[in-house]
Each structure stands twice: as C-alpha cells, then as structure tokens.
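Asker: fold the following and give me the result.
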Amino acid sequence: STDPVAGAAEGGDALFADSDVAVGLVGTSYSANPNWNFVGALKQALRSDVVNYAEDGHGPILPMLKYLQTDAFKNTPPQVVIWEFPERYLPAHNDLGEFDPKWIAELKKSRDTQENVALNAKPSESPNRAQN
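Answerer: Numbering: from 1, shown residues only. Here you go, the predicted structure:
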C-alpha cells in the first residue's frame with residue numbers, strides 16, 4: 001500500500017522546501033501497514049511530507065528495486081530516501097565462497113586503505129561518511 005502525498009513541502013522553513021518530494025519511504029509491511037503508523041511518525045519527526053512506496057509481503061529489496069524503476073523516482077526523485085530494512089533480512093553468515101577470491105581481496109584491500117586514510121588524516125581532513 002502507498003500513502004501518496006498531495007503536495008510538496010510547504011513553507012520556507014519546511015524540510016527540503018525546494019523539492020517537490022522531500023522524503024520517500026521504501027520498505028516492508030512495517031512501513032506499509034497503516035496500523036503501525038511509521039509514516040505518521042516520520043512525518044511528525046521530520047516535519048515533512050513522506051511518500052510511502054513500501055509494500056506488504058515483499059520484503060525490503062523488491063519494493064526498492066521496483067521504486068528505482070518508477071517514473072516518479074526517475075523524473076522527480078526525493079531529496080531523501082528512507083529504506084526500512086529489518087535486520088532479519090541481513091544474512092546471518094556471509095559465505096563468500098561463490099565469489100571470485102581476487103575480487104574479495106580487492107574489496108578488503110580498498111576497505112583497509114580507506115581505514116588507513118581516515119586514521120592518518122588530521123581531523124579537518126577526515127573523509128566524509130557520505131563519501132564512503
């Protein structure tokens with residue numbers, strides 16, 4: 001189920017007032033079910049409209065993949081996308097045996113390089129989390 005927003009954020013002090021859609025929500029039935037009122041809580045906390053693209057019964061990944069293919073996302077993407085992703089969908093054990101060992105080594109090497117850059121940088125030069 002979705003909760004389409006009738007209009008954009010209103011007022012000069014509204015969160016992301018220059019955007020047609022400030023916040024998009026994608027997720028599972030926890031976000032889609034109006035009985036949980038997750039959308040209402042977000043709207044209140046953010047003081048912004050929230051467009052809900054969550055779906056019942058499809059987990060967190062399928063609704064996100066569907067949303068990324070919509071005209072709404074392609075033509076007027078929100079300033080922020082909140083992806084509700086219950087931890088039970090995270091794998092309990094990461095078996096990387098099916099992946100190319102060289103590729104895994106490169107991933108680990110790049111992670112270590114990023115950590116070293118962050119540790120050796122002065123506080124004003126530390127990488128921004130958004131860049132990682």
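Asker: show me where the protein has its helices.
Answerer: All helices of the chain, identified by DSSP state H, fall at 29-32, 38-46, 61-68, 71-75, 101-120.
Asker: mean confidence score for the shortest one?
Answerer: Model confidence over helix 29-32, given as mean pLDDT, is 96.
Asker: mind giving me the packing neighbours of that helix?
Answerer: In this structure, helix 29-32 packs against helix 38-46, with contacts taken as 3 or more CB pairs under 8 Å, 6 or more residues apart in numbering; DSSP states H and E. From N, CA and C alone the C-beta is placed, and that goes for glycine too.
Asker: quick one: which of the helices of the chain is nearest Glu87?
Answerer: Nearest of the helices of the chain to Glu87, taken as CB to CB: helix 29-32 at 11.7 Å.
Asker: what residues sit buried inside that closest one?
Answerer: Judged by neighbour count using 16 or more other CB atoms under 10 Å, the buried positions of helix 29-32 are Ser29, Ser31, Ala32.
Asker: of these, just say which sits nearest to Gln44.
Answerer: Each of the buried residues of helix 29-32 was checked against Gln44 using CB to CB; the closest is Ser31, at 14.9 Å.
Asker: quick one, what contacts that closest one?
Answerer: Leu25, Phe38, Val39, Asn52, Ala54, Glu84 (CB atoms under 8 Å, 6 or more residues apart in numbering).
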